[in-house]
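Undergrad: any chance you could fold what I've pasted below:
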Amino acid sequence: MAVTLDAQLLEILACPSADHAPLRAGSPTDPDADALTCTECGRVYPVRDGIPVLLLDEATGLVDSGDSSADGA
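TA: Numbering: from 1, shown residues only. Below you'll find the model as predicted:
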């Protein structure tokens, strides 16, 4: 089932991470998913019962920028 949020609400919602980028409906693998995806960092936030859960702890699918490889060097 696709996210059915009001267009004005979707326009003002932003990722709660430091970049505060806009969100888009769906996930990278499923545009009809009940989720919102950050256009900057790639975090995917669930939408439960029509309510976006914009908590960093609930987000999935964070795009890895490659910084973690520096730890093993």
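Undergrad: continuing past the helix or strand of the chain with the lowest mean pLDDT, what's the next helix or strand?
TA: Among the secondary structure pieces of the chain, namely its helices and strands, helix 7-12 has the lowest mean (mean pLDDT, DSSP states H and E), a mean of 90. Note on helix 7-12: by DSSP states H and E, the next helix or strand toward the C-terminus is strand 23-25.
Undergrad: contacts for that next one, please.
TA: By Cβ atoms under 8 Å, 6 or more residues apart in numbering, the residues outside strand 23-25 that reach it are 2-3, 5, 10, 13-15, 31, 35-39, 45, 52. From N, CA and C alone the C-beta is placed, and that goes for glycine too.
Undergrad: show the subsequent helix or strand relative to it.
TA: Heading C-terminal from strand 23-25, the first helix or strand you meet, by DSSP H and E, is strand 35-38.
Undergrad: would you agree C15 is in contact with C38?
TA: Yes: assessed by Cβ atoms under 8 Å, C15 is found in contact with C38 at 3.8 Å.
Undergrad: identify the contacts common to those two.
TA: What both C15 and C38 touch, as defined by Cβ under 8 Å, 6+ apart, is the set 21-23, 45.
Undergrad: would you reformat those as CSV and include pLDDT?
TA: What follows is the shared contacts of C15 and C38, written out as CSV (pLDDT from 0 to 100):
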residue, pLDDT
A21, 95
P22, 95
L23, 95
Y45, 96
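Undergrad: in TSV: those residues, plus distance to E58.
TA: Formatted as TSV, the shared contacts of C15 and C38 follow (distance: Cβ to Cβ, whole Å):
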residue	distance to E58
A21	17
P22	18
L23	13
Y45	6
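Undergrad: sounds good, over and out.
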